[in-house]
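Undergrad: curious how this folds, go ahead:
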Amino acid sequence: MSSLPLSSPAPEPTPTATVAASTAVPAHQPAAGDLAVLAARAAGDDLLAPAVRLDSVVPAPEQVEADPTASFVLTADTAIQVTADPGARAVADHLAELLRPATGFLLPVADTRAVGPTGTLTLTLAATPAGPAPAIERSTTDLGAEGYRLDVAGAGVRLVAGTPTGLFYGVQTLRQLLPAAVESSTPVTTRWALPGGTILDRPRFPYRGAMLDVARHFFAVEDVLRVIDHLARYKLNHLHLHLTDDQGWRIAVDSWPKLATVGGASEVGGGPGGHYTKADYRRIVSHAASRHVTLVPEIDLPGHTNAALVAYPQLAPDKLAPPPYTGTEVGFSYVDPADEQTYDFIADVLGEVAALTPGPWLHIGGDEAFKVKGAVYTDFVERAQRIVADTGKAVVGWHQLAPAAHLDGRVLQWWGTDAEDPTTADAVRRGARLILSPGNHAYLDMKYAENTPIGHDWAGLIDVRRAYDWDPGTHVADVPSTAVLGVEAPLWTESVTSLTDIEFMLFPRLPAIAELGWSPRAAHDWAGFRERLAGHGPRWSTAGITFHRAPEIPWPATPTVPRQNRAPQNDTTTH
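TA: Below you'll find the model as predicted:
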């Protein structure tokens, strides 16, 4: 999974957007939104068209039926009504939190049984969405675990889903249908119009994720929480945390405390490293759950274990402590597969991590264990898989686990660059499912182009089109689409040292991978995607998200944003 070291220094951020302020107006004057609407109407009907088209969403929805004659305008009188369910109420509160800063509106949240004002945003939990939608072809009687239907009309907006998760994804769509200024952290004077029509939407694959390597370089809890927010924005539902490697051990384990305190005190380049306490990890899990994201923790075995051996040399084959490792080579370290203490260690660690993790998965790595070969490797993996099963979790591992005996629920994460992989195809025939992370399409630590200041190129250069133009359902030879659980975009951090670097490598490629995981294959269209993606540049600029201004995307000029006050706003940066 690792990449070759790169000597190029991390890039310096440069400002890309300037925010202009207008005359200050109190943030909650009820007339502000109404005045904006009246001004637009006075200027002529052609100015009433919403700033965003209904078919501009990323990932592309399953079905879109626009109604150019209708639009809904948020004003200071708009309210949010929601089904009396705790999960649905949490989503409604999230919607209000997203909209209040930029609009300056109160947007009160109330039970749908309460009598509310006209012009509402209504979130409803229902197995069967009500109301006609003659051009929507597929039945709306089964939205599934993550689907939703969004209806926008002049009188109000209705979002319906069978689960709070479906409502949450509908909210992310609704967010994209408002002007880019909705991402502002301070009130903006504009017309908050949603385009009219109906969207019916549900995902192609159940697993849609990204991986963050916190072992090569350690990232603070706040950075991880921000990454989770980025995933949720594009309907990704899993965050794989690569918690252990040669350079650092990042999760506290009570039964082996020096793993974190000793093994965690290093990172690539000789920095201080760090680790997550159990309280830190619970905070990450909790925030992920609030964004309908499942954590997938990885404890890499039997290789990539130098940090563990520094802390506990009795796990090493020669029982000698190696020095801390701050380089980027791979394949030299491993725990002793012939020592029973190794399996006690594995059971203790995986048991504690499983107890902290509500999701169904435990990832055991398994890649690049070059010094543990043949039957010794296979026997080790099979025993580790059984230990995972004993915790009540399903095992995930890199596709090097393929030769091992199948265990019910086993998932292989395929990171190859050659789609002809008979060993993996055989594992699938024996029952394994795949998460697709092809190194030459989905590895977000690869450079965009030769002059990209950070990243690697061992799997090739990955511009936005290369990240987008492949099909997870047919990518690996002799693997049917029914065996594909989903997609994941890994970000290894040998050369990534800051949140700014993380965002630069994620955007704009992460939305491309998200669309492959969510949207129906029939919606796959590079020309259409690049146009839709371009509209997200101003959103990222407004939100202060660093991104690469990829030349293949027709980014619009970033306009100045009229604001209702002069509160300071962080500059947006790109590399």
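Undergrad: and stretch 418-427, what's buried?
TA: Ala419, Asp421, Thr424, Ala425, Ala427 (16 or more other C-beta atoms under 10 Å). C-beta: built from backbone N, CA, C; applies to glycine.
Undergrad: for those residues, which one is nearest Pro538?
TA: Ala419 (36.7 Å; C-beta to C-beta).
Undergrad: hmm, the closest one is touching His475, no?
TA: Yes - look at Ala419 against His475 with C-beta atoms under 8 Å: they come within range, at 5.7 Å.
Undergrad: mutual contacts of these two, please.
TA: Counting by C-beta atoms under 8 Å, 6 or more residues apart in numbering, the common neighbours of Ala419 and His475 are Pro438.
Undergrad: quick one, phi/psi of Gly455?
TA: The phi/psi pair for Gly455 (degrees, to the nearest 10) reads phi 110, psi -180.
Undergrad: wait, doesn't it sit right on Ala449?
TA: No - the pair Gly455 and Ala449 does not pass the contact test of C-beta under 8 Å, sitting 9.8 Å apart.
Undergrad: which one of these two has more residues nearby?
TA: Comparing Gly455 with Ala449 by other C-beta atoms under 10 Å, the one with more neighbours is Gly455, at 25 against 14.
Undergrad: and that one, how far from Gly270?
TA: 21 Å (C-beta to C-beta, to the nearest Å).
Undergrad: how near is Gly460 to Gly528?
TA: Distance from Gly460 to Gly528, by C-beta to C-beta: 25 Å.
Undergrad: an error on my part: the question was meant for Asp426.
TA: From Asp426 to Gly528 the distance is 37 Å (C-beta to C-beta).
Undergrad: what of Ser333?
TA: Applying C-beta to C-beta to Ser333 and Gly528 gives a distance of 46 Å.
Undergrad: more neighbours: those two, which one.
TA: Ser333 (26 against 13).
Undergrad: does the more buried one really touch Pro313, like I thought?
TA: No - the criterion here is C-beta under 8 Å, and Ser333 misses it with Pro313 at 11.8 Å.
Undergrad: okay, and the common contacts of the two?
TA: Pro322.
Undergrad: helix, strand, or coil at Ile199?
TA: Per DSSP: H, G, I helix; E, B strand; the rest coil, the local secondary structure of Ile199 is strand.
Undergrad: actually, Pro68.
TA: strand.
Undergrad: next up, the contacts around it.
TA: Contacts of Pro68 by C-beta under 8 Å, 6+ apart are Ala49, Gly196.
Undergrad: at 10 Å what do you get?
TA: Each residue near Pro68 by C-beta atoms under 10 Å, 6 or more residues apart in numbering is listed here: Ala49, Pro50, Arg53, Leu54, Pro195, Gly196, Gly197.
Undergrad: how about the third one: what's its closest non-neighbour residue?
TA: Taking C-beta to C-beta, 6 or more residues apart in numbering as the measure, Arg53 lies nearest to Pro195, with 6.0 Å between them; neighbours along the chain are not counted.
Undergrad: now the one you found: phi and psi?
TA: Per-residue torsions, Pro195: phi -70, psi 140 (degrees, to the nearest 10).
Undergrad: could you give the bridge partners of it?
TA: Beta-bridge partners for Pro195, by DSSP bridges, are Ser71.
Undergrad: as a markdown table, the contacts of Pro68 with neighbour count, distance to Phe380 and pLDDT would be great.
TA: Formatted as a markdown table, the contacts of Pro68 follow (neighbours: other C-beta atoms under 10 Å; distance: C-beta to C-beta, whole Å; pLDDT from 0 to 100):
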| residue | neighbour count | distance to Phe380 | pLDDT |
| --- | --- | --- | --- |
| Ala49 | 14 | 62 | 82 |
| Pro50 | 21 | 58 | 93 |
| Arg53 | 17 | 54 | 97 |
| Leu54 | 23 | 53 | 97 |
| Pro195 | 22 | 56 | 98 |
| Gly196 | 20 | 59 | 98 |
| Gly197 | 23 | 55 | 98 |
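Undergrad: ok, and the closest non-adjacent residue to Ala449?
TA: Ala449's closest residue in space is Leu461 (C-beta to C-beta, 6+ apart), at 5.8 Å.
Undergrad: swap in Thr163?
TA: Counting by C-beta to C-beta, 6+ apart, the residue nearest Thr163 is Ala145, at 5.6 Å.
Undergrad: again, but for Met505
TA: In space, Met505 is closest to Leu444, 5.0 Å off (C-beta to C-beta, 6+ apart).
Undergrad: in space, what's closest to His275 - neighbours in sequence excluded?
TA: Nearest to His275 is Gly264, by C-beta to C-beta, 6+ apart, at 3.5 Å.
Undergrad: correction: Asp339
TA: In space, Asp339 is closest to Leu315, 7.5 Å off (C-beta to C-beta, 6+ apart).
Undergrad: ok, Asp280 next?
TA: Val221 (5.1 Å).
Undergrad: please apply the same query to Val171.
TA: Leu95 (4.8 Å).
Undergrad: now Ala96
TA: Closest residue to Ala96 apart from its sequence neighbours, by C-beta to C-beta, 6+ apart: Leu107 at 4.6 Å.
Undergrad: verify the contact between that neighbour and Leu74 for me.
TA: Yes - counting by C-beta atoms under 10 Å, Leu107 touches Leu74, with 7.9 Å between them.
Undergrad: overlap in contacts of those two?
TA: In contact with both Leu107 and Leu74: Leu99, Leu121, using C-beta under 10 Å, 6+ apart.
Undergrad: so Val353 sits in a strand?
TA: No - counting by three-state DSSP, Val353 falls outside a strand, being helix.
Undergrad: tell me which helix or strand the closest residue to it other than its chain neighbours sits in.
TA: Of all residues not flanking Val353 in the chain, Pro297 sits nearest, at 5.2 Å (C-beta to C-beta, 6+ apart). For Pro297, the host element (DSSP states H and E) is strand 294-301.
Undergrad: returning to that earlier point: what's the local residue count around the residue nearest to Val353?
TA: Under the criterion other C-beta under 10 Å, the count of neighbours that Pro297 has is 26.
Undergrad: and if you look at Asp142?
TA: Residues near Asp142, counting by other C-beta under 10 Å: 11.
Undergrad: start at 49 instead
TA: Sounds good: first residue 49 from here, last item Asp190.
Undergrad: test my guess that it contacts Thr211.
TA: No - applying C-beta under 10 Å as the test, Asp190 and Thr211 come out as separate, 11.7 Å apart.
Undergrad: what's the distance between Pro408 and Asp549?
TA: Applying C-beta to C-beta to Pro408 and Asp549 gives a distance of 31 Å.
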